[in-house]
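*Asks:* mind folding the following:
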Amino acid sequence: MKKLNPNQQLATTTTKGHLLILAGAGSGKTRVLIHRMSHLITNEKVPPSSILGLTFTNKAAEEMRARMTKMIPPTEAKKVMLCTFHSFCMKILRKEIHRLGFTQKFSLYDEKDMRRLIVQIAEDLLEGETKLASLEPIISAISYAKGKGLKGAELPKTGQEKEDLFLKQVYEKMGRAMRAYNALDFDSLLTTTVELFETFPDILEKYQEQFRYIMIDEYQDTNPVQYKLASLFAKKYRNLCVVGDDDQSIYGWRGAEIDHILNFPADKVIKLEQNYRSTSRILQAANAVIQNNQ
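*Replies:* Below you'll find the model as predicted:
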């Protein structure tokens, strides 16, 4: 703890309520998250299995766990749930998805599988009519809609009634086909977990009781479904810590919404503004560019 600057120490020891940590590049946000988890376990005697840390890449999760084992016993660090949104939802669904009519041995379709299915559905719907020049707009629209957690009736309209109806039909038929095949795709891991929690409050409460301290890295890149998951989890005990930088949002193309970090209902906001990675000359150049952001 002595190696942390004052704001890093404050972020580490503020463990209750909704905490927003605004952390620029190179400001030590990963160090803070690791120290925060270790502080909860060592000083506040929180069981490691009650801590959930969500990241966007497996590499980030593995790095955090490796660094945590240098601060607390490896056996304790192993009990902390550190993973991506998708792998966390996979763990839950392997145990609970039977509630929604799937079996626990559901298949996970990759991008090629999904493309093949969409092509098949589109061809069945067209039934000999003029074929589409390309299915890419359909595939992109479906991926975007899943990231937003939209239902068929909520799909954005293009103004072309026939095209809008065709997209809605493909989207809804795809959902029915996936259920018939006992399969999910990467995006459906998240939407199906939200459906599970909203349909069965007892299942949600079970996981709320298990994970009472939730931390999310790169919060500026959460999409509406990830935002919904975090909100559901934190609703009971409200111990939600999110870390991010509103100047670094890069996933708008796949549904991420910067408003999630800009309008986060924080009880406390802590800024990590000291950069440990770059020289002052680089920072001056970066800030000069960022100043022009809307």
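
*Asks:* can I get the lengthiest helix in the chain in PDB, CA atoms only?
*Replies:* Determined from DSSP state H, the single longest helix within the chain is helix 161-180. The C-alpha coordinates for helix 161-180 follow below in PDB (Å, rounded to 0.1, in the frame of the first residue of the first chain):
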ATOM      1  CA  GLU A 161     -40.000  -1.400 -45.300                       C
ATOM      2  CA  LYS A 162     -39.200  -4.600 -47.200                       C
ATOM      3  CA  GLU A 163     -35.600  -4.700 -46.000                       C
ATOM      4  CA  ASP A 164     -36.600  -3.900 -42.400                       C
ATOM      5  CA  LEU A 165     -39.100  -6.800 -42.500                       C
ATOM      6  CA  PHE A 166     -36.600  -9.200 -43.900                       C
ATOM      7  CA  LEU A 167     -34.100  -8.400 -41.200                       C
ATOM      8  CA  LYS A 168     -36.700  -8.800 -38.500                       C
ATOM      9  CA  GLN A 169     -37.700 -12.200 -39.900                       C
ATOM     10  CA  VAL A 170     -34.100 -13.400 -40.200                       C
ATOM     11  CA  TYR A 171     -33.300 -12.200 -36.600                       C
ATOM     12  CA  GLU A 172     -36.400 -13.900 -35.100                       C
ATOM     13  CA  LYS A 173     -36.100 -17.100 -37.000                       C
ATOM     14  CA  MET A 174     -32.400 -17.300 -36.100                       C
ATOM     15  CA  GLY A 175     -33.300 -17.100 -32.400                       C
ATOM     16  CA  ARG A 176     -35.800 -20.000 -32.800                       C
ATOM     17  CA  ALA A 177     -33.300 -22.000 -34.800                       C
ATOM     18  CA  MET A 178     -30.600 -21.600 -32.100                       C
ATOM     19  CA  ARG A 179     -33.000 -22.800 -29.400                       C
ATOM     20  CA  ALA A 180     -34.000 -25.800 -31.600                       C
END
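
*Asks:* which other helices and strands contact that helix?
*Replies:* Using 3 or more Cβ pairs under 8 Å, 6 or more residues apart in numbering; DSSP states H and E, the elements in contact with helix 161-180 are helix 111-126, helix 136-148. Using the backbone N, CA and C atoms, a C-beta is placed for each residue, glycine as well.

*Asks:* list of residues touching stretch 25-45?
*Replies:* 1, 4-5, 8, 11-13, 15, 21, 23, 46-48, 51, 53, 60, 63-64, 67-68, 71-72, 76, 80, 213, 215, 217, 241, 243, 245, 248, 272-278 (Cβ atoms under 8 Å, 6 or more residues apart in numbering).

*Asks:* contact partners of the helix or strand that comes right after the longest helix of the chain?
*Replies:* Sequence order places strand 183-185 as the next helix or strand after helix 161-180, per DSSP states H and E. Contact partners of strand 183-185, identified using Cβ under 8 Å, 6+ apart, comprise Leu93, Phe102, Phe106, Ser107, Leu108, Tyr109, Asp110, Asp113, Met114, Met178, Thr192.
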